[in-house]
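Visitor: Test case, fold it:
(one chain, ligands or ions: 1)
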Amino acid sequence: MMLTEFFATCTTGLEWVTAQELTALGAEVTDTSRSRVFFRAGWEAIYRLHLYARTVNRFFVLLARAQVRSLKEIEEVAWQVPYEQWFDNRHAFAIRSERDGTHEFTSMDIARVVGQVVCDRFIARTGQRPPVNLDNPDVEIFSTLADDQYLLGLNLTGSSLHRRPWRQSLAHLTALRPTLAAAVVMASGWDHRPLIDPMCGTGTLLIEGALWRRGISPLRGREEWAFRVLIPHDEGRWQEELQACEHVCGHSPPLRGSDWNARYVEIARQNAEGAGVTDIEFAVANALTLPPPEQPVVLVTNPPYGVRMGKPSELVHLYRKLWQKWGAEYGGSRIVVISGNPAFEQFAPVEPTACYEFLQADLPCRLLIWDLP
Ligand SMILES: C[S@@+](CC[C@H](N)C(=O)[O-])C[C@H]1O[C@@H](n2cnc3c(N)ncnc32)[C@H](O)[C@@H]1O
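Guide: Here you go, the predicted model:
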């Protein structure tokens, strides 16, 4: 089978989780860089990856990756790419250009040069050029220059996969991106123990956990798939994959979530229903007065950080009380916390088992894991 080079975009800092996930799904991971995982796979693997890779925002065909020093060199790199093998001239395209570092040209200059190369190469090979449509293209080519590292990718996905079809995304000011939530649950070491989130908001961590452990695609019901206009696309094969993902047979340990805000809990229930994981137990409750668990659990949560939610002085009080409670009642449990506020860690009774740094939007955060004796 012929393998193609692809890359996936994901949460900055948690590339290793995505690399493990893609490997488990059969991809041959070759490299990672900031917020990207590079891999090889057959074309048809892309269908399964789109449906089951939970931590990925977008997939791209790797068109070019090179070290460049000038706009001229970018033009030369772009000229080598066989665009006409990926899409035909009935489809409108757009170049999306990003640039980071000090250069004598702008990202607009790059977009103009690469756009011209695409048209010229089409004319040279097919006699006709595809139309350009910046507002609503059929095909998007991402051009990224970071210092001297240049990357050209063909967007296979369309809009980001973090937009889960079942999710009311504007319902909570600080709701997690589902692709980050999935990465956190996968990195948490969740085993046979129940998974609980005592500050669950709209339920993102629990829903992604339930979908993952039961082998359910988080993208069922999505209609936008950019790869469908590309030349290698096989609609019959894709329809088979879509049908296969309707059969679900996996099981997971029990899942429970609570939040003191009744509106969020209601949205969490609706999201879970939309995702097809209706047996997660949700309740309205204060995390500080929940009854102790009957058995050791994996507690995974993202408490307010004080950036968009919660006043700093109240948060310190909340953090201290949470740790007093967890330290006294959660012996044998694993505590997994997304922390955007270092004050949280200072009250923990033991050293963390693991700590991973990552970016949430542009906010430096830590994924911390404690095993309580
Ligand atoms: C950062 S948000 C969690 C967002 C959630 N992970 C999601 O994706 O929707 C923190 C949540 O903690 C809740 N919260 C804060 N203090 C709480 C407390 N003492 N008891 C229960 N919930 C609390 C807030 O209502 C808020 O929904």
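Visitor: can you list the domains in the chain?
Guide: Following automatic domain parsing, the chain resolves into domains at 4-155, 178-215+252-371.
Visitor: out of the ones you listed, nearest to P165?
Guide: Closest to P165 of the domains of the chain, according to Cβ to Cβ: domain 178-215+252-371, at 7.5 Å. In this view, the C-beta of every residue, glycine as well, is placed from N, C-alpha and C.
Visitor: Any part of that closest one near the ligand?
Guide: Yes. Domain 178-215+252-371 reaches the ligand (Cβ under 6 Å from any ligand atom) through 199-202, 204-205, 259-261, 264, 286-288, 302-304, 309, 318.
Visitor: Which of the domains of the chain has the lowest mean pLDDT?
Guide: Of all the domains of the chain, the minimum mean pLDDT falls on domain 178-215+252-371 (a mean of 94).
Visitor: what distance separates that domain from the middle of the whole chain?
Guide: 18 Å (Cα atoms, centre = their mean, to the nearest Å).
Visitor: the helices in the stretch 251-373 of the chain, which residues?
Guide: Secondary structure of the stretch 251-373 of the chain by DSSP state H, counting those that start in this stretch: the helices cover 262-275, 312-329.
Visitor: who touches the nearest residue to H251 once chain neighbours are set aside in this structure?
Guide: Of all residues not flanking H251 in the chain, R214 sits nearest, at 6.5 Å (Cβ to Cβ, 6 or more residues apart in numbering). R214 is in contact with V248, G250, H251, S252, V277, counting by Cβ atoms under 8 Å, 6 or more residues apart in numbering.
Visitor: now with 7 Å?
Guide: Contact partners of R214, counting by Cβ atoms under 7 Å, 6 or more residues apart in numbering, are V248, G250, H251, S252.
Visitor: Distance check, it against the ligand.
Guide: For R214, the distance to the ligand equals 19 Å [Cβ to the nearest ligand atom, to the nearest Å].
Visitor: try S159
Guide: Taking Cβ to the nearest ligand atom, one finds S159 at 19 Å from the ligand.
Visitor: wait, doesn't that residue sit right on W225?
Guide: No. Using Cβ atoms under 7 Å as the test, S159 is too far from W225 to be in contact (10.4 Å).
Visitor: Count the neighbours of V316 for me.
Guide: Counted with other Cβ atoms under 10 Å, the neighbours of V316 add up to 17.
Visitor: N341 is in contact with that one, correct?
Guide: No. Using Cβ under 7 Å, V316 is not in contact with N341; the gap is 8.9 Å.
Visitor: which SSE is whichever residue of the stretch 101-250 of the chain sits closest to the ligand in?
Guide: Nearest residue of the stretch 101-250 of the chain to the ligand, counting by Cβ to the nearest ligand atom: G201, 2.6 Å away. G201 is part of no helix or strand when elements are defined by DSSP states H and E.
Visitor: what comes into contact with stretch 260-272?
Guide: For stretch 260-272, contacts defined as Cβ under 7 Å, 6+ apart pick out 166-168, 171-172, 200-203, 207, 257, 259, 278, 280, 282-286.
Visitor: hmm, try it at 6 Å
Guide: Applying Cβ atoms under 6 Å, 6 or more residues apart in numbering, the external contacts of stretch 260-272 come out as 167-168, 171-172, 200-203, 207, 259, 278, 280, 282, 284, 286.
Visitor: on that earlier part again, tabulate the contacts of R214 (TSV), appending neighbour count.
Guide: TSV is the format used below for these (neighbours: other Cβ atoms under 10 Å):
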residue	neighbour count
V248	13
G250	11
H251	7
S252	20
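Visitor: Would you map the helices across the stretch 51-200 of the chain?
Guide: 71-79, 107-126, 178-187.
Visitor: Need the phi and psi values for the residue lying farthest from the centre of the chain.
Guide: Centroid-distance maximum for the chain: G127 at 39.7 Å, with Cα atoms, centre = their mean. Dihedral angles of G127 (phi, psi; degrees, to the nearest 10) stand at phi 90, psi -10.
Visitor: need the contact list for it.
Guide: For G127, no contacting residues are found, by Cβ under 6 Å, 6+ apart.
Visitor: same check, this time on W86
Guide: Contacts of W86 by Cβ under 6 Å, 6+ apart are L154, L230, I231.
Visitor: Now with 10 Å, please.
Guide: Going by Cβ atoms under 10 Å, 6 or more residues apart in numbering, W86 touches V61, L63, F93, V139, I141, L154, L156, F227, V229, L230, I231, P232.
Visitor: Where neighbours are concerned, which of those residues has the most?
Guide: Neighbour counts for these peak at I141, which has 26 neighbours (criterion: other Cβ under 10 Å).
Visitor: Apart from its neighbours in sequence, what residue is nearest that residue?
Guide: Spatial nearest neighbour of I141, excluding adjacent residues (Cβ to Cβ, 6+ apart): I95 at 5.2 Å.
Visitor: Tell me how far the one you found lies from the ligand.
Guide: To the ligand, I95 is 34 Å away according to Cβ to the nearest ligand atom.
Visitor: How about R256?
Guide: Between R256 and the ligand the computed distance is 13 Å (Cβ to the nearest ligand atom).
Visitor: I'd like to know how many residues surround that residue.
Guide: Counted with other Cβ under 10 Å, residues neighbouring R256 total 20.
Visitor: quick one: contacts for it?
Guide: Counting by Cβ under 10 Å, 6+ apart, the residues that R256 touches are 194-198, 200, 206, 280-283, 285, 290, 293, 297, 299.
Visitor: ok, the residues you listed vs A8, which is closest?
Guide: Ranked by distance to A8 (Cβ to Cβ), the contacts of R256 are led by L206 at 24.2 Å.
Visitor: about what we covered before: if any of the contacts of R256 are buried, put those into a PyMOL selection.
Guide: Only the buried members of these enter the following PyMOL selection, criterion being 16 or more other Cβ atoms under 10 Å:
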select buried, resi 194+195+196+197+198+200+206+280+282+285+293+297+299
